[in-house]
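J.: Need coordinates for the following:
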Amino acid sequence: MRLAERVAMTPTPTASAGIVAAYPRRATASEHEIASQDALALRLAALLGRRYVPGYRPSRHRGEPAPYYVPDRSIVGSARAAILGIKRAADLYGGVVPQAFVATKSISHGLVGPHAQSPPAWAQSLPDMLRDVVLTGYTAFSPEDALTAGERLLKRGPLRLKPADATAGRGQVVVGDPDALRAAVAAQSRQAMNQLGLVLEEDLEAVETYSVGWARVGKMEVAYVGTQTLTEDNGGNQVYGGSELRVARGGFDALRGLQLSERERLAVDMACRYDSAVSAAYPELLASRRNYDVAFGRGADGGPRAGVLEQSWRAGGASIAELAAMQAFALSPALKEVRAETKERYGADEPAPIVQRLVFHGMDAAVGPISKSGGILEQGNGRA
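T.: Okay, here's the model as predicted:
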């Protein structure tokens, strides 16, 4: 049984301070995705002193104040946000973006040339601002531009094709020659490429990926840095397996005040520079949760390479750890730092997490048997 299902069976407070809703939700969301969104909404309700309402639908709450939203994706457009009653970042756990492609990894790279296809709202200046904090790559909105970009990158070494709307590393393909490039591009959805873009980026070896993020819920603000792990899914593919985070009470200045390693400090700096550039290019962006994946590895020439891989302004893989940290800070006002984790594992033989850490454990229609959990690993001693 999912955690949210157990809570839904218990009485909820009758206070009218407001509600928290796991909404909007994709119609195609699978069981473990629904469980994750519900688990986040439940924890956010506790932090905000609100009621969690499972199965929220706007039609059932007409005339009532808008809830605090926990959407499963970024909200696209100010018009959609206004319909939902979202006026500021404090109204949701996640973000509002001006265009759909802005919520994807497509914005990290430039086009192959001035005449390349792009959406009308494409910020031409952003890729130049990001050049020093991302890997070498291009974004293409047509198969023709993707082939041109890939041919250029192959002169440097193998490249990675990354569908803009894919998550957890799924759908990515590494190619090392023109024939493989043509086959990989032909296999992409032309419609998705036209709307959201396709990223073609240098491939790294010996990769270590860091998560850097910031979130605010009510008056609680946290910032964090940590490492991601990979795991095998039920098909034998390497996918996201979780994150282990160092979380500071406060913003990025508080995080920098911790005893960070050189690599942690560099990851934080690159993520902050990326965040500032995107905010300048798309000032309409609202976000109460900002997360950046930063990779360190070796390039085709054997030299060290580092760059921000993608951003997320929605509930993500690290979110359970973020909220567990917030709950720990709320309970202990003197606490300045905690370590928290999220974990995702696949297979029917994976043991069930303890109840306090459980998000989902069971069969999922989309990915098969999966176990998701998260919580506090270690608390600091009150010193920053």
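J.: domain parsing for the protein?
T.: Per automatic domain parsing, the structural domains of the chain span 3-98, 104-134+136-203, 206-379.
J.: How far away from the center of its chain is the last one?
T.: Going back to what we said before, that points to domain 206-379. Centroid displacement of domain 206-379 relative to its chain, using CA atoms, centre = their mean, to the nearest Å, is 8 Å.
J.: what's the answer for the second one, then?
T.: The chain centroid and the centroid of domain 104-134+136-203 are separated by 19 Å, computed with CA atoms, centre = their mean.
J.: surely residue 307 meets residue 105?
T.: No - the pair residue 307 / residue 105 is not scored as a contact, 11.4 Å apart, by CB atoms under 8 Å. C-beta here means a position set from N, CA and C on the backbone, and glycine is covered the same way.
J.: Could you pull out the buried residues of stretch 232-246?
T.: 233, 239, 240, 241, 242, 243, 244, 245, 246 (16 or more other CB atoms under 10 Å).
J.: excluding its backbone neighbours, what's nearest residue 194?
T.: Setting aside the residues directly before and after it, residue 194 is nearest to residue 141 in space (CB to CB, 6 or more residues apart in numbering), at 5.8 Å.
J.: ok, now which ones touch residue 18?
T.: Under the criterion of CB atoms under 8 Å, 6 or more residues apart in numbering, the contact partners of residue 18 comprise 48, 50, 51, 65, 67, 68.
J.: higher neighbour count, residue 307 and residue 105?
T.: Remark: of residue 307 and residue 105, residue 105 carries more neighbours, 27 against 23, as counted by other CB atoms under 10 Å.
J.: dump the residue contacts of the more buried one.
T.: By CB under 8 Å, 6+ apart, residue 105 lies in contact with 162, 164, 199, 309, 310, 311.
J.: Kindly report the same for residue 256.
T.: Applying CB under 8 Å, 6+ apart to residue 256 gives the contacts 265, 268.
J.: From residue 325, how far off is it?
T.: 17 Å (CB to CB, to the nearest Å).
J.: do residue 240 as well
T.: The gap separating residue 240 from residue 325 is 19 Å, by CB to CB.
J.: can you give me the strands in the stretch 251-384 of the chain?
T.: Applying DSSP state E, counting those that start in this stretch to the stretch 251-384 of the chain gives strands spanning 286-287, 289-298, 304-312, 337-346, 358-364, 368-379.
J.: sec struct for residue 90, please.
T.: Using DSSP: H, G, I helix; E, B strand; the rest coil, the structure places residue 90 in helix.
J.: Now do it: how many residues are near it, please.
T.: The number of residues packed near residue 90 is 14, by other CB under 10 Å.
J.: Find the residue closest to it in space, skipping its chain neighbours.
T.: That would be residue 288: by CB to CB, 6+ apart, it lies 6.3 Å from residue 90.
J.: Report how many residues lie close to the one you found.
T.: Around residue 288 there are 21 residues (other CB under 10 Å).
J.: Let me know the secondary structure of the nearest residue to residue 34 once chain neighbours are set aside.
T.: Closest residue in space to residue 34, ignoring its immediate chain neighbours: residue 25 at 7.0 Å, by CB to CB, 6+ apart. What three-state DSSP gives for residue 25 is coil.
J.: ok, now how distant is residue 130 from residue 113?
T.: According to CB to CB, residue 130 and residue 113 sit 18 Å apart.
J.: Would you mind telling me which of those two has the busier surroundings?
T.: Per other CB under 10 Å, whichever of residue 130 and residue 113 has more neighbours is residue 130, with 21 against 10.
J.: That one looks like it's in a helix, true?
T.: Yes - under three-state DSSP, residue 130 sits within a helix.
J.: That one contacts residue 271, correct?
T.: No - judged on CB under 8 Å, residue 130 makes no contact with residue 271 at a distance of 11.5 Å.
J.: Which neighbours do these two have in common?
T.: Joint contacts of residue 130 and residue 271 (CB under 8 Å, 6+ apart) are residue 308.
J.: Show me the strands in the stretch 51-200 of the chain, by range?
T.: Secondary structure of the stretch 51-200 of the chain (DSSP E, counting those that start in this stretch): strands located at 51-52, 68-69, 75-76, 95-97, 137-140, 159-163, 173-175, 198-202.
J.: check which helix or strand covers residue 38.
T.: Per DSSP states H and E, residue 38 falls inside helix 31-48.
J.: Quick check: buried residues in stretch 207-219?
T.: Result for stretch 207-219 [16+ other CB under 10 Å]: buried residues 209, 210, 211, 212, 213, 214, 215, 216, 217.
J.: now, which of the residues you listed lie within helices?
T.: Of the positions in these, not one sits in helices, assigned by DSSP state H.
J.: Nearest to residue 262 among those?
T.: When those are compared for distance to residue 262 (CB to CB), residue 210 wins out at 12.0 Å.
J.: any idea how far the residue nearest to that closest one when sequence neighbours are not counted is from residue 178?
T.: Distance criterion CB to CB, 6+ apart; nearest residue to residue 210, sequence neighbours excluded, is residue 267 at 4.1 Å. In this view, residue 267 and residue 178 are 34 Å apart by CB to CB.
J.: higher neighbour count, these two?
T.: The neighbour comparison of residue 267 against residue 178 (other CB under 10 Å) goes to residue 267, with 27 against 12.
J.: Which pLDDT value goes with that one?
T.: Residue 267 carries a pLDDT score of 98 in this model.
J.: now residue 33
T.: Each residue has a pLDDT score; the one for residue 33 is 95.
J.: can you count the residues close to the closest residue to it other than its chain neighbours?
T.: In space, and not counting its chain neighbours, residue 33 is closest to residue 72: 6.6 Å by CB to CB, 6+ apart. Here the count is done by other CB under 10 Å, and residue 72 has 18 residues near it.
J.: Now tell me which of the contacts of residue 105 the prediction trusts least.
T.: For those, the minimum pLDDT belongs to residue 164; the value there is 90.
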